[in-house]
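Asks: Task: produce atomic coordinates for the following.
(4 chains)
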2 protein chains.
Amino acid sequence: MSQLSTKSHTEAIMGLAGAKSGDRGSPNPCEACAVRGLSVCSALEPEDLPRLDRIVSHIQVSPGQLVFLEGDPADHLFVLTDGCIKLYKMLIDGRRQITGFLFPSDFLGLAMRERYAFSAEAVAVSALCRFPKRQLEQLLVEIPALERRLLGVASNELAAAQDQMLLLGRKTAQEKLGSFLHSLLRRTAPRSKAQDRIHLPMSRADIADYLGLTVETVSRCFTRLRKDGVVDFTTPQDVLIRDLGMLSDLSGVSDEY
Amino acid sequence: MSQLSTKSHTEAIMGLAGAKSGDRGSPNPCEACAVRGLSVCSALEPEDLPRLDRIVSHIQVSPGQLVFLEGDPADHLFVLTDGCIKLYKMLIDGRRQITGFLFPSDFLGLAMRERYAFSAEAVAVSALCRFPKRQLEQLLVEIPALERRLLGVASNELAAAQDQMLLLGRKTAQEKLGSFLHSLLRRTAPRSKAQDRIHLPMSRADIADYLGLTVETVSRCFTRLRKDGVVDFTTPQDVLIRDLGMLSDLSGVSDEY
DNA sequence: CGTATACTTGAATTGAGTCAATAAGTGTGG
DNA sequence: CCACACTTATTGACTCAATTCAAGTATACG
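Replies: Okay, here's the model as predicted:
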């Protein structure tokens, strides 16, 4: 288990990244980006997009592949354009806490100083835009709107982190699962056709490590939610929400202001 | 328990704040501020300080008094200059999770959009500088270094939030207490005379709600740490670190990179 | 088609919680 | 200064939600 070694693993991806970047025919891919309007990039005026194109490269990662490892020099920032990424921290004995799942348009790389504070690993086949930190920092100076936007993203992430602390510290296993499904629904439903269906790209073990539980408890709680008529499973990865009211009650948060 | 009402409680303090602000003799108190070099204000050049003085007011809060309540309109940002503040979120049934303790020089008010995402309440008699959000945002536009600094603060807080998620989701009660003492030592020792003593301004109940435990478990774990020779208590609020090595081991984090 | 992997289910165990009592401070007023 | 009430912290006995250990079942894959 060399997961916590301080050796940089970012290089492993860089070759792939270069290849992928070179493959692209379009001279300004940012303009055609599917998540542009949703991500931090929306802070840019159309005429500024080429400046982003100049410093961006594109990488792809397969399930289980690392984007970076906790402790690696934090040389790059990312925007996830497709797939799903998990972020996690580990204790020396292997206990793991997943601190977040990223979905398309999410920004990656805020919680860092000189080195990444957590590891990032692909859950599904994923595509990311990669920005060299130095060059992006230069852009921040030139485009204040981008920095403002980044502060907004950080603010949202901090609020989400506090919700997760409330979940981890004070909710029951059943409530944790309910909250998890509820927040996934809010994040992914807008971009999906079926408003009452959730696809779970991550394993039960990932869900357990995100909620501070074990796989067995996750499985048991899912079964109970199914028996109570709150949800149903087409496959273990595909959830149908049958009673949104009950799910909201379980998640413990009355409603958003 | 009207703790979660959406009515603003900020007004209760504003009268006090005005009085306190008026009391001050100095025309530019920021210049003489004890925590200036440590807080976000250090991003300002000396010649910019008067601009901060123009929009700042000073408030004081007693233990148990609210600075603001979750859901209040987020009209102000703060810098803690003295004392200790706890931040928390609650579930409808009263379960509480403290998401952080603030100490002098800490910034308050990042995790918010239109409304505060958590409540802030004084643990000890505390003094804060209060900045109207609109006016501070204007300053951010004019002083890019301030915005850069704020992004750095947000980055640090996000990293701390992830450490706390690891603690809440995966550490044992004993490890939680060890980590808590260890991080308090790192935060407050540099500013204190005794490098091996920690003062705990918060109650056992606050510590429990911060670590996702009960008061009884906190008490039992403290007793065990004492019996194991890791710490000793002069009073229930004053801890003497007797074996820093053991404490570090317990906290589970090998070391900082 | 066999084998590894992921998920589910059951039985036994346990770490932390709940309930209850005691002890130690803290402050108030006589 | 002491007696009283009140809050905070500690300790003990018992309980339980979630974990651990152990099968079993389904699903994907070479």
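
Asks: what's the single longest helix in chain A?
Replies: Taking DSSP state H as the criterion, chain A has its longest helix at helix A:144-170.

Asks: which helices and strands sit right next to that one?
Replies: If you count contacts as 3 or more C-beta pairs under 8 Å, 6 or more residues apart in numbering or on different chains; DSSP states H and E, helix A:144-170 packs onto strand A:96-102, helix A:133-142, helix A:173-188, strand B:85-90, strand B:96-102, helix B:144-170. C-beta here means a position set from N, CA and C on the backbone, and glycine is covered the same way.

Asks: if I pick residue A:64, what's in contact with it?
Replies: Listed by C-beta atoms under 8 Å, 6 or more residues apart in numbering or on different chains, the contact partners of residue A:64 are A:121-122.

Asks: can you pull the contacts of the residue minimising distance to the centre of chain A?
Replies: Nearest to the mean C-alpha position of chain A, by C-alpha atoms, centre = their mean, lies residue A:102 at 1.0 Å. Shown in contact with residue A:102 (C-beta under 8 Å, 6+ apart): A:80, A:84-87, A:108, A:120.

Asks: Can you tell me the closest non-neighbouring residue to it?
Replies: Leaving aside its chain neighbours, residue A:102 sits nearest to residue A:85 (4.2 Å; criterion: C-beta to C-beta, 6 or more residues apart in numbering or on different chains).

Asks: and the one you found, how many residues sit next to it?
Replies: Using other C-beta atoms under 10 Å in any protein chain shown, residue A:85 is surrounded by 22 other residues.

Asks: measure it to DNA strand C for me?
Replies: From residue A:85 across to DNA strand C, the span is 17 Å (C-beta to the nearest atom of the strand, to the nearest Å).

Asks: swap in residue A:234?
Replies: Note on residue A:234: its distance to DNA strand C, by C-beta to the nearest atom of the strand, is 11 Å.

Asks: secondary structure class for that residue?
Replies: strand (DSSP: H, G, I helix; E, B strand; the rest coil).

Asks: In contact with the closest residue to it other than its chain neighbours: list those residues for me.
Replies: Excluding its sequence neighbours, the residue lying closest to residue A:234 (C-beta to C-beta, 6+ apart) is residue A:240, at 6.4 Å. If you count contacts by C-beta under 8 Å, 6+ apart, residue A:240 has them with A:196-197, A:231-234.

Asks: Greatest separation within the residues you listed: which pair is it?
Replies: A:196 and A:233 (13.2 Å; C-beta to C-beta).

Asks: Let's see the pLDDT reported for residue A:195.
Replies: We have a pLDDT of 89 for residue A:195.

Asks: okay but residue A:241 is in contact with residue A:181, surely?
Replies: Yes. Taking C-beta atoms under 8 Å as the contact criterion, residue A:241 and residue A:181 are neighbours in contact, 7.2 Å apart.

Asks: Can you check which residues contact both of the two?
Replies: Counting by C-beta under 8 Å, 6+ apart, the shared contacts of residue A:241 and residue A:181 are A:198, A:231, A:247.

Asks: Show me the shaky parts of chain A.
Replies: Along chain A, segments meeting pLDDT under 70 span A:1-27, A:112, A:253-257.

Asks: Okay, domains of it per the record?
Replies: Chain A is divided into the following domains under automatic domain parsing: A:11-160, A:171-251.

Asks: before we move on, back to that, okay, the helices and strands packed on helix A:144-170 in a markdown table with distance to residue B:68 next?
Replies: A markdown table is the format used below for the helices and strands packed on helix A:144-170 (distance: least, C-beta to C-beta, whole Å):
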| stretch | distance to residue B:68 |
| --- | --- |
| strand A:96-102 | 26 |
| helix A:133-142 | 30 |
| helix A:173-188 | 25 |
| strand B:85-90 | 10 |
| strand B:96-102 | 13 |
| helix B:144-170 | 17 |
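
Asks: Which among those is found nearest to DNA strand D?
Replies: DNA strand D sits nearest to helix A:173-188 of all the helices and strands packed on helix A:144-170, at 3.8 Å, using C-beta to the nearest atom of the strand.

Asks: The closest one vs helix A:144-170, what angle?
Replies: Counting by axes from the mean of the first three to the mean of the last three C-alpha atoms, to 10 degrees, helix A:173-188 lies at 160 degrees to helix A:144-170.

Asks: The helix or strand just after helix A:173-188: how far from the chain's middle?
Replies: Using DSSP states H and E, the helix or strand that follows helix A:173-188 in sequence is strand A:197-199. For strand A:197-199, the gap between its own C-alpha mean and the chain's C-alpha mean amounts to 16 Å (C-alpha atoms, centre = their mean, to the nearest Å).

Asks: Show me which positions of strand A:197-199 end up buried.
Replies: By neighbour count on 16 or more other C-beta atoms under 10 Å in any protein chain shown, the buried set for strand A:197-199 is A:197-198.

Asks: for stretch A:117-132, same thing?
Replies: Using 16+ other C-beta under 10 Å as the test for burial, stretch A:117-132 gives A:117-124, A:126-131.
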